[in-house]
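# Below is the structure, and that's it, no one-letter string:
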DNA sequence: GCTATCCTGTGGTCAGACCACAGTGGTCTG
DNA sequence: CAGACCACTGTGGTCTGACCACAGGATAGC
C-alpha cells in the first residue's frame, strides 16, 4: 500500500517522521546510508536521493571521512534551502526580481514596525553598524555585513520564519545585488548613504516610532534597488557591444 | 578545476545555466538521464540526484513511459518546493507555528492592501466564494477551497513570490489547520463565519479600502487560529488520558 | 482499415564495486 | 616512556551495469 510512493519518498517521509517525533534532532547524525538503506529495505541510491534533497533544503550537512563530525548531520540552516529554491525558481519561471524585492520589502517593513513596537535588544545590530563604519572594508565585506545587519534585525524581532525567508530572498538575489554594487558609479557615497540610512532605521526603532521605522526601511531598500536598476541599464548600454 | 564541486552539483549548475540562457524553458523536456550523464561525463546516479532536487523544488515533473509527455519536463510550480521546504524546516527546527501564522498574516495583509489599492480582476476569488457557499461541501473540500481563495487573492495581487511563499506556509501548517477544524466544536457556525469574513474582505478590496481590507484579513486569520488554539487546548484536556 | 501485438525508450530501482577522506588505534622509533 | 608514524576502518561520493514497469509508436495480422 505504501509502495505507491517512490523509494526515495519513503526515505524522506521516514526521516521527516523521525524529526517530528524527536528521534532525530538538530546536531544528530543520520544513520549511515548503507544502514538506512537496509533498515528501510531500499537501495542505497534511493537513500542518497533523499539525503540529497535534505542537503539542498539546508537540513543536513554531509561530509566524508570518519569520526563524530562525519556523515550526514542534521543542521537546520534557516533559509538554507530557500536560497536554492528562489534562485532556481528565478531561473526557471523568472520569478521577477521585482517580486523578490517587493516581498523582502513587506517582510522587512514588518520587522521594523514590530521592533519599534516592542523593546528589543539591539546590541547585535548596533555592533554590526559599528563594524560597517570601518572605512577599510572591501565592498564584498560591506555587503556581507549589510546582509548580517538586516538579518540581525529580523532575528531581534523574534520570528524565525521571517528571518529564514528573508535570508533566502536575499541570497536569491545576491548576485544581482553584488553586480549592482560593482557597477555603482560612486560606491563611496552610496556606502555612506547606506550607513546613514541604517542609523536612521535604528533610531526610529529606538524611538518606538513604528511608522517611521517602516518608512525608513522601505525607503532604504527601494532606493538601493532603484539605483541598481538605473545603473544597470547604463552599464548595459555601455557594454552592449562587448562579447559575453 | 570545476571538479571541486560534486558531480551532482555539476549537473545542477549545468541545468541552472541552461535555464538562465534560455536553452531550457518551462514546458521543455530535459535530455534523458542517460544522455545527460554521458554529455556531462558523470554517472547516471549523479544526474538523478540533481533531477531529484529539481523535482522536490517544483521545477520538473518526471514520468515514466515514452512519448512527448514522458521524461523530465520543466514545469515551474510556484511554491512547489516552498511547501516541502517549510514542512521540513518546521519538522527539523521546530519553527513555531505561531511564527508561521504571523508570517502568513504579514503577507496576506500586504496582499489585501495591495489589491484594494489597485483595481484587480477578482473574478477568480468571487467564483471560489460562490463555490464555498455550497452547503453540501465536506469539511476537507471547504478547507481546500478556502486555501484556493487565499491563493487566488495573492495571485490577483500579482506577486509570484508572495503567492509561492503563502502556498508553502499554508501547506506547512496544513495538518494543524485540518486538525483544528476537525476539533471545532461547532463547524457549521465556524464555516458560516468564515464565509462572511471572506465576503467582507472582498467587499473592502472592492471598495478600495486598503486599511479595511488589511484589518479584515488580519482579523480573519487571527480569529481562526485563536479558535483553533483554544479548542485544541480543550480537546487536549478532554483527551489527556487517552492513549495516543 | 482496424486491431492486437511487439518494440523501443523513458524513469525507477537495486546491487556491487571502487575511490578519497579523516579519525582511530596500534606499532615502531627515539 | 613519549612521540611520530602508518595501516585500518567506516564514512560519503561516484560509477557501472543490470533489471523492472510503463507508455507510446511501429508493425504484423486480421
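Great, that's in hand. As the structure is a computational prediction, the values presented were derived from the model and not from experiment.

# Contact partners for the residue nearest the centre of chain A?
Centrality entry for chain A: nearest residue to the mean C-alpha point is residue A:167, 2.0 Å, by CA atoms, centre = their mean. The neighbours of residue A:167, taking CB atoms under 8 Å, 6 or more residues apart in numbering or on different chains as the test, are A:78-79, A:82-83, A:151. The C-beta positions use only the backbone N, C-alpha and C, and glycine is treated the same way.

# Among those residues, which one lies nearest to residue B:185?
Nearest to residue B:185 among the contacts of residue A:167 is residue A:78, at 36.5 Å by CB to CB.

# near DNA strand C, which residues of chain A show up?
Proximity of chain A to DNA strand C, by CB under 7 Å from any atom of the strand, involves residues A:6-9, A:37, A:41-46, A:49, A:63-70.

# quick one: which of these sit in helices?
Counting by DSSP state H, the residues of chain A next to DNA strand C place A:7-9, A:37, A:44-46, A:49 in helices.

# Considering those residues, which possesses the most neighbours?
Most neighbours among those, by other CB atoms under 10 Å in any protein chain shown: residue A:49, with 27 neighbours.

# From residue A:199, how far off is residue A:206?
Applying CB to CB, to the nearest Å, the value for residue A:206 to residue A:199 is 10 Å.

# helix or strand for the nearest residue to residue A:228 once chain neighbours are set aside, which one?
Closest residue to residue A:228 apart from its sequence neighbours, by CB to CB, 6 or more residues apart in numbering or on different chains: residue A:180 at 3.1 Å. Element membership for residue A:180 (DSSP states H and E) is helix A:174-182.

# Give me the residues contacting that helix.
With CB under 8 Å, 6+ apart, helix A:174-182 has contacts from A:97, A:139-140, A:143, A:170, A:187, A:190, A:224-225, A:227-229, A:231-232.

# run the last query once more with 10 Å
Contacts with helix A:174-182, where a contact means CB atoms under 10 Å, 6 or more residues apart in numbering or on different chains, come from A:83, A:86-87, A:90, A:97, A:100-101, A:139-140, A:142-143, A:146-147, A:170-171, A:173, A:187, A:190-191, A:194, A:224-225, A:227-232, A:235.

# Just the ones of the residues you listed in helices?
Short answer: the contacts of helix A:174-182 in helices (DSSP H) are A:83, A:86-87, A:90, A:97, A:100-101, A:139-140, A:142-143, A:146-147, A:170-171, A:187, A:190-191, A:194, A:224-225, A:227-232, A:235.

# Mark which of the residues you listed are buried, thanks.
Neighbour-count burial (16 or more other CB atoms under 10 Å in any protein chain shown) is assigned, among the ones in helices among the contacts of helix A:174-182, to A:83, A:86-87, A:90, A:97, A:100-101, A:142-143, A:146-147, A:170-171, A:190-191, A:194, A:224-225, A:227-228, A:231, A:235.

# Now chain A against DNA strand C: closest residue?
Of all residues in chain A, residue A:65 sits closest to DNA strand C, at 2.1 Å by CB to the nearest atom of the strand.

# Relative to chain B, how far out is residue A:155?
Here residue A:155 is placed at a distance of 12 Å from chain B (CB to the nearest CB, to the nearest Å).

# pLDDT at that residue, what is it?
At residue A:155, the pLDDT value in this model is 90.

# contacting residues for the nearest residue to it once chain neighbours are set aside?
Spatial nearest neighbour of residue A:155, chain neighbours left out: residue A:163 (5.4 Å); criterion: CB to CB, 6+ apart. Residues in contact with residue A:163 (CB under 10 Å, 6+ apart) are A:78-79, A:107, A:111, A:150-157, B:95, B:99, B:103.

# Off-centre distance for the lowest-mean-pLDDT helix or strand in chain A?
Sorted by mean pLDDT, DSSP states H and E, the helices and strands of chain A end with helix A:174-182, the least confident at a mean of 80. Centroid separation between helix A:174-182 and its chain, computed with CA atoms, centre = their mean, to the nearest Å, is 15 Å.
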